[in-house]
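Q: Pasting the sequence and the predicted coordinates here, then a few questions.
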Amino acid sequence: MLNFSRSRNQPRAARSMSLGGMDYVDQKRKGNFIGKVFLLAALTALCILVIKRSPSFTTPSPFSVHEPGVTHVLVTGGAGYIGSHATLRLLKESYRVTIVDNLSRGNLGAVKVLQSLFPEPGRLQFIYTDLGDAKSVDKIFSENKFDAVMHFAAVAYVGESTLYPLKYYHNITSNTLVVLESMAKYNVKTFIYSSTCATYGEPEKMPITEVTEQKPINPYGKAKKMAEDIILDFSKNSKMAVMILRYFNVIGSDPEGRLGEAPRPELREHGRISGACFDAARGITQGLKVTGTDYNTPDGTCIRDYIDVTDLVDAHVKALEKAKPGKVGIYNVGTGKGRSVKEFVSACKKATGVDIKVDFLPRRPGDYAEVYSDPTKIRQELNWTAQYTDLEKSIQVAWKWQKSRPNGYGSS
């Protein structure tokens, strides 16, 4: 018997049909295949279009390239009291600024104020990083093209340094070394260093000049001097432009009221006398504690050279402008006039209108009796002179900001 059944080894939809010696694929399957090819091509084209339109694809970040006519400054500690004021001044002068800060002493609120004042792309960026993290610092330098560094970042309380000396040597000396290593690796040639009169210790002769022997008497001053020594040794063969600014006791705030001093509450006992006066005037503390009334000074209290923060940042900008490759400049930044702590308290009472209660206590470890500057060198070489020298007016400006911002910048 003949078998008329057909083989079904191949599914019907996928079988070929022979017509006149030619095989033809089923048209339905062919259409599905072509449709998938077109869909894949369309999706690929769309992805390429989206990527090309992405700003990061078409143009690099302005912070990652050297732009003719624009100086890009890395400001370490730019969220802090002095660093934020310096950043404001740099931005007003049309510099490009990158702030690096770990916010241990700085305030994110200060950064937000600066960002609101200069929102244009390519003007200001903030990077949250600890300078003690060498890998993070290297990454920052690899991804950004800096023309100069202003190094403010540091813990900076004399009393605290006597309690936690290792913290100060690590934060000041070691971190400065990390910054210098990255500057050397990525060929950043200008360094403005924020130093201090504490490196001089307690000289026998006043006023202090730049050639006064450095004999620091507390870990803060010692750590800063060690950092200076590292900078000077490195600069000898690096052709780096270096400016070291040793400044005195900083007071005041932005005259237009945009920035101010907002220290951490937990650091009140170690902080600046201006902050302590304001806390007492606002009733945050029971009164003002003056440590040491038996120094060899006219009224028994310490004598200091109080420099307004506006003048201080002006000195930094002038130092940046005058910095020259292979040259080192060392300058005292002060008014050239010493004022006692009792004089300061009297000026604070007048500026705030509050009869602040004052408690006189024994000396604090690490303090020195009398320190004030001779600013002749910085006047002659950088054409800088302190303009805001009225102590009471500087305190008034700072007090106005304190009253307008009772909670400082808020939580960071």
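A: Good, I have the coordinates. Residues are numbered from 1 along each chain as shown.

Q: Show the model's pLDDT score for the residue lying closest to residue 269 once chain neighbours are set aside.
A: The shortest distance from residue 269 to any residue other than its chain neighbours is 7.3 Å, reached at residue 159 (C-beta to C-beta, 6 or more residues apart in numbering). For every residue, glycine as well, the C-beta is placed using N, CA and C. Taken from the predicted model, the pLDDT recorded for residue 159 is 87.

Q: Then residue 35?
A: On the pLDDT scale, residue 35 is placed at 69.

Q: Can you measure across stretch 124-133, start residue to end residue?
A: End-to-end distance of stretch 124-133 (C-alpha to C-alpha, to the nearest Å): 22 Å.

Q: so how far is that stretch off the chain centroid?
A: Between the mean C-alpha location of stretch 124-133 and the chain-wide mean there is a distance of 8 Å, by C-alpha atoms, centre = their mean, to the nearest Å.

Q: So for it, mean pLDDT?
A: 98.

Q: now swap in stretch 304-320 and tell me
A: On average, the pLDDT along stretch 304-320 is 98.

Q: Ok, stretch 183-191 next?
A: The pLDDT scores in stretch 183-191 average 98.

Q: Hmm, residue 337 is touching residue 389, no?
A: Yes. Counting by C-beta atoms under 8 Å, a contact exists between residue 337 and residue 389, whose distance comes to 7.3 Å.

Q: so residue 141 touches residue 181, yeah?
A: No. With contact taken as C-beta under 8 Å, residue 141 and residue 181 are classed as non-touching, separated by 9.4 Å.

Q: okay, the two: which has more neighbours?
A: With other C-beta atoms under 10 Å as the criterion, residue 141 and residue 181 differ in neighbour count, and residue 141 comes out ahead with 21 against 15.

Q: In terms of helices and strands, where is that one?
A: Under the assignment given by DSSP states H and E, the secondary-structure element containing residue 141 is helix 134-143.

Q: try residue 90
A: helix 81-92.

Q: Report the distance from that helix to the chain centre.
A: Distance of helix 81-92 from its chain centroid, counting by C-alpha atoms, centre = their mean, is 9 Å.

Q: can you list the weak-confidence ranges in the stretch 51-200 of the chain?
A: Counting by pLDDT under 70, the stretch 51-200 of the chain contains low-confidence residues at 51-58.

Q: Which parts of it are helices?
A: Using DSSP state H, counting those that start in this stretch, the helices of the stretch 51-200 of the chain run over residues 55-58, 81-92, 108-117, 134-143, 158-163, 165-168, 175-185.

Q: so which of the ones you listed is the most packed in?
A: Between these, helix 81-92 has the highest mean count of neighbours, a mean of 24, where neighbours are mean count of other C-beta atoms under 10 Å.

Q: Taking helix 108-117 as reference, get the angle to it.
A: Note on geometry: by axes from the mean of the first three to the mean of the last three C-alpha atoms, to 10 degrees, helix 81-92 and helix 108-117 are set 10 degrees apart in direction.
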